[in-house]
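Asker: The following comprises the amino acid sequence and a computationally predicted model.
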Protein chains: 2
Amino acid sequence: MKILALLTSAGINIGVCVLLLSLYSILRKQPGNVNVYFGRRIAEEHKRLRDAFVLERIVPSPSWILKALQYTEEEILAAAGLDAVVFMRIVIFSIRIFSIAAVVCLCGILPLNYFGQDMEHRKIPSESLDIFTIGNVVERSKWLWVHCVALCIVSCSACVLLYFEYKRAAKMRLIYLTRSAPNPSHFTILVRGIPKSTEESYNDTVTNFFTKYHASSYLSHQIVYKAGKVQKMLTGAKMAFEKFMHIKHTVIEKKSKIGMYRCGLCGCSSNSFQLVRTDFDQNGKKIDISSSDTSIREHEECGAAFVFFKTRYGALVASEILQTWNPMLWVTELAPAPDDVYWSNLWVPYRLLWMRRIATLLLTIVYMFVFLIPVTFVQGLTQLDQLQQRFPFLKGILKNKYVILIVTGYLPSVILQLSLYTVPPMMMLFSTMEGPTSRSGRKKSASWKVLYFTIWNVFFVNVLSGSVISQINALSIPKDIPTQLAKAVPRQATFFITYVLTSGWASLSSEVMQLFGLIWNLIRKYILGREEDPIAVPSFPYHTEVPKLLLFGLLGFTCSILAPLILPFLLIYFFLGYVVYRNQMMNVYCSRYETGGLMWPIVHNTTIFSLVLTQLICLGVFSLKKSPVAAGFTIPLILLTLLFNEYCRKRFYPLFKSFSAQDIINMDREDEQSGRLEEIHEQLHTAYSQFTHDTSVKIHDESSDVEDQASSSCKSNGLGKELSHPTLKGLPTARLQKAVRTVCLVVNLQKKASSV
Amino acid sequence: MKILALLTSAGINIGVCVLLLSLYSILRKQPGNVNVYFGRRIAEEHKRLRDAFVLERIVPSPSWILKALQYTEEEILAAAGLDAVVFMRIVIFSIRIFSIAAVVCLCGILPLNYFGQDMEHRKIPSESLDIFTIGNVVERSKWLWVHCVALCIVSCSACVLLYFEYKRAAKMRLIYLTRSAPNPSHFTILVRGIPKSTEESYNDTVTNFFTKYHASSYLSHQIVYKAGKVQKMLTGAKMAFEKFMHIKHTVIEKKSKIGMYRCGLCGCSSNSFQLVRTDFDQNGKKIDISSSDTSIREHEECGAAFVFFKTRYGALVASEILQTWNPMLWVTELAPAPDDVYWSNLWVPYRLLWMRRIATLLLTIVYMFVFLIPVTFVQGLTQLDQLQQRFPFLKGILKNKYVILIVTGYLPSVILQLSLYTVPPMMMLFSTMEGPTSRSGRKKSASWKVLYFTIWNVFFVNVLSGSVISQINALSIPKDIPTQLAKAVPRQATFFITYVLTSGWASLSSEVMQLFGLIWNLIRKYILGREEDPIAVPSFPYHTEVPKLLLFGLLGFTCSILAPLILPFLLIYFFLGYVVYRNQMMNVYCSRYETGGLMWPIVHNTTIFSLVLTQLICLGVFSLKKSPVAAGFTIPLILLTLLFNEYCRKRFYPLFKSFSAQDIINMDREDEQSGRLEEIHEQLHTAYSQFTHDTSVKIHDESSDVEDQASSSCKSNGLGKELSHPTLKGLPTARLQKAVRTVCLVVNLQKKASSV
């Protein structure tokens, strides 16, 4: 590919980006789209934009960019939670390291590459891109030490930055854990593999076990029930009816207009639930779900339970210690936050989990290899001759110069991009099958899968291009991998640059445009004729965005030394991402649950992997170029990077795996002194009530494949907020709406009957 | 190699074995060797053999074999501890699985291999060994399914046996932990990385921290002191003198003959130490080493401490929970048993440990590759032509037929064997540098290293034979490894059979002969003119014997299907091992510490590795022989074996890593009810007294490279026994003897002065 083709591609993309961003700046000002572009704001702040028509509304303006840049980290933390802040730190880290890399490599390496061989240079626009890669440097060049020094500078800066970012993430996590409102999940453990006994029920078994062995800290527990789909629907409707009756008597008068779709079930304030809750609590302190609701007795108990403890420390200890001499029984772990619990997986017997995990692993690997087919096709596009041979009718089209430029410079990325869209839902499905007990766990597992997948399919398979079989052959010689990569990466640098242009920039534009949301909004409003549903706010898709950023990081590192021309494009991507993601975090997305920055270790490990891979490739290149000095300096660099990683793993990683006794005990003491502990204990049962959550959650799941798109409530850090969010929010699906309609009819009939 | 050469080799080895065993049966009856062959008995049972000369003493007899076979598992458990029983289970497991394999393979596979090709068979003695391997089966043979069925039978039997053995080991470990006498290590944790403070000493820091965060269970603690070598010697002599003064006043009268070398310091009964201990305890309950012994104040405190808890559960919880938000500070783990503590490593700052570990890893890898040199030489011996070219003077010798037979059939193994002798001490040295805090941990780490080493150097390097460089090339193509191994293993089967004959059988004979001990005994008695030292009983070298057994297991599995002729020789080895090890466990060795069967997971994992490797090799062979059906059945077999391993890891492995809350709490309750708890608390300090152990241990370390050879006290399971074993036992070294001599002189002078 020539510089001109690259510029064509860049031009197209810049045009598309500017167009989309301008369109966005207009669309966001339309009151009709306020749900799409300000979901979080509306859900959280209950504000509305003015509806008046002014000229300003149809003039594109960059004001949103300025606004996005003005938010402070505290504001993001308050609005979107720690996960959002950690996510933004990935972008900031990338900007920092690639700025350094850009300065070093563009000033130091690019001229060296360009004048690497004694040759006659053409005009720059018609110069091949390969001239700017390390491929242009002659063997045994005395200037290769510059590349080596640049590699050292980039590696060291990356490690230093990573260290401070890890430290910062750990500190933020600590502050998040200690300063946030009391979280019921800290007092609760999830017990699985409760042994079945013919003499007593699971309920009694749990009571006996924990009063015997954790008497001092055990408070109470709640068994998880096995519930079939039909039974779940029935119970859900029943519960909804009961709650509705409460609400009718307590709240309904306060509201003025309650339509069929806004009947207090879907849009009422949190006060009503406080009332419901206290109503439930009046039955006494030790209410079990079995005593408070007879309908639940119909469900079968399963071998899992939430066990509540008096102190956080008690729960922590019980979660970390092996309980009995059979490690498959009484398996304990700290419970996920109430909103984070993935109820549908809790019934899965613990002894089957490891099999599910292995089955999923195999499925994922198979899927990864099946995916090679579109990738191979993409590779075929760069070799136009072959394509013309296979599809003779293309010959006419492919004679046009501009068509060739577009096909080689643009189409491969687009095809790859479209195929990649199928990956996150598939991986989410696999992760669900794996049997995680929390939504965040599922998302984290999906993140890993998507990450492995993208790195394998976008980076390795493209780099070691050719037919599928020759790729496998190339990969099966580990010793030769550095050499193979060293040959292939500079050659493939062109593809990666266009990939950044198309996939990177375009994905950010489509992210900010929210095309899917926009279209859905239009369909709902003008075709289905429904009202706005301000509560259906999507949550941020970390499992697709984090791997995307990390992939671009990998491309940046590996290409920085070998083909530094990628860096300006990458920097633009990250700058744009910085603006876009901040804007989206503050305006669009809403997080239902909080992992407390658990994604940072993934980011750290992947970055280290990218660094080591870069160093290995450079080692290969230096060997190919016969520069023993440069290669010699690279080997200790690799070892030092691995050492640094080992240190970070020792120093920071345990903080992301568990809580420390010191912090937990201090928190317990504070609560005890302030007398809050009693209050928390009372709220634990309601927080982990299976059927309230279960119905709402289940219905969300059915309404859309990616359940998070339909998640309804806003971020809830502490108990107070958690309790304001059960059951009855967010009814976007037809089925529950039907159920509610039935209930409303019944209520009306009852009302009439009583008034008569 | 031909059958005749194999028989020559077998003949030589059988002869050597019979000779050595007969010699042993004579030597063991000589009173002069009683220390060598009955070390444990004498140390434990204080018995003596009759000194009278009878004819029986010079007639070889097999009575010891019968005796060895008669011991029950309970007797071995009582005499040599759980580790010995678990070790014997390895032998029993091997006998069982290879008996099954022998029946299946010798009856099913051997005839098939022999008649695998249409060829004229010579007389069996002059038949080449290759005729009996799978190499003789023609391609696309319709009989290959027999090999596949045999593989399935062997794999399934191995898995079933492994499952029951793992279960048994876990159960034995549980019984050992719950039924043994109260162990101070259960009440104690080792804390490292205590933060340095300018305001308070480590002592105060520890007190403050644990009274603040573990107030309910914290009892007291003991700081570890940093002690230089010179200071250690001085303190040791001082302590020895003080203790000696005690002993002089309390015990010396009871003993009749106390010579210069048996002055109560090296051979007194345990009563004296009970007295010393109660003397120490009189100072009050809260005695710190600093208050009880002013000399220790001179030592510098270091950032490590033993912290004692009121209950086992308290200690378990404190050891498993992350203490503070900095995981490099307040690092806790359950303390090793008092006798097991490796004091010399306790001062190593925790933050340096990971670096040490990595450095050791690198060193081990380097050593493994350096070792290739003798292995290559061994391989050269099998190619006599090359050898004759390089060393022309050998030409004359190598013309003799018998010399050739010996050189090809015997010499390679001997050379390899001799080089292998250097490995355990080196690995022990590396493991010491790694910084483990317990002797058992060091031995376990050395076991792993020796195991990796042997498998790599004996199996892989020999299999993928040829020059060093071609080996590395062969290994660097992972996809081809099954094929490479499939080609090489049958070819190398001859070598492995001779390896079993020479290395296996000979090592057992030399084990039972205790050549080193015998020679040292003679030198000491007749050249140095010293008395017997009944207390210097060696402990069993698990770190060399376990890898040896596992290596033979690996050879057995990999060769069983491909070259079943190895099986009878291997079975003889294991039967002989069964007799010899039982005899040695009961008579010779004495264990200072007990890991509670921690070696079983190593055994299990290695056996699974061997199985999967076998299956991979068979897969390669079946592919080479173009039998898609057999290859197709092997793939699910590999997956099932891996699944089985995963299940065992989930089901049993946690039991070997930690204690369960249920058992620990039950033990605590029993002790509390019986009132023993107070008693245990009082003994904790004395058990973990640094300088009593330190001096004796340090001096042992200096007396011999492999410290365990010089370990002095006998197995101690519980507190009562532990306490009877401090400081003053086992003085085999010249240096301490010199010190004692000085002390004796001083005492004599004092005595004279006081009598004057």
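Answerer: On my side now, so go ahead. Numbering: from 1, shown residues only, chains lettered A, B, ... in the order given.

Asker: and the closest residue to chain B within the stretch 251-400 of chain A, what is it in contact with?
Answerer: In the stretch 251-400 of chain A, the residue that lies nearest chain B is A:Pro327 (3.9 Å; CB to the nearest CB). C-beta coordinates here come from the backbone N, C-alpha and C atoms, glycine included. Residues counted as contacts of A:Pro327 (CB atoms under 8 Å, 6 or more residues apart in numbering or on different chains) are B:650-655.

Asker: Next, count neighbours for A:Ile397.
Answerer: Counted with other CB atoms under 10 Å in any protein chain shown, the neighbours of A:Ile397 add up to 12.

Asker: quick one: what helix or strand has the residue nearest to it when sequence neighbours are not counted in it?
Answerer: Distance criterion CB to CB, 6 or more residues apart in numbering or on different chains; nearest residue to A:Ile397, sequence neighbours excluded, is A:Val403 at 5.7 Å. Element membership of A:Val403, judged by DSSP states H and E, is helix A:401-409.

Asker: A:Pro547 now?
Answerer: For A:Pro547, the host element (DSSP H and E) is helix A:542-562.

Asker: what does A:Thr686 give?
Answerer: Counting by DSSP H and E, A:Thr686 is found in helix A:676-687.

Asker: Show me what counts as buried in that helix.
Answerer: Neighbour-count burial for helix A:676-687 flags A:677, A:680-681, A:683-687 (criterion: 16 or more other CB atoms under 10 Å in any protein chain shown).

Asker: ok, of those, which one's closest to chain B?
Answerer: The closest of the buried residues of helix A:676-687, once distances to chain B are taken by CB to the nearest CB, is A:Leu677, at 17.3 Å.

Asker: still on that earlier bit, would you mind checking the average pLDDT for the helix holding A:Val403?
Answerer: Rounded to a whole number, the mean pLDDT of helix A:401-409 is 72.

Asker: ok, the closest residue to chain B within the stretch 651-756 of chain A - contacts?
Answerer: Closest to chain B within the stretch 651-756 of chain A is A:Pro654: 3.9 Å, counting by CB to the nearest CB. Counting by CB under 8 Å, 6+ apart, A:Pro654 touches B:322, B:327.

Asker: how close does it sit to A:Leu162?
Answerer: Counting by CB to CB, to the nearest Å, the gap from A:Pro654 to A:Leu162 is 17 Å.

Asker: next one: A:Lys67
Answerer: A:Lys67 is 30 Å from A:Leu162, where distance means CB to CB.

Asker: Please identify the helix or strand for the residue of the stretch 251-400 of chain A closest to chain B.
Answerer: Applying DSSP H and E, one finds A:Pro327 in no helix or strand.

Asker: Which element, helix or strand, includes the residue of the stretch 651-756 of chain A closest to chain B?
Answerer: If you go by DSSP H and E, A:Pro654 is part of helix A:653-657.

Asker: what's the answer for A:Leu416, then?
Answerer: Assigned by DSSP H and E, A:Leu416 falls in helix A:411-420.

Asker: buried sites along that helix?
Answerer: For helix A:411-420, burial by neighbour count (16+ other CB under 10 Å) applies to A:411-414, A:416-417, A:419-420.
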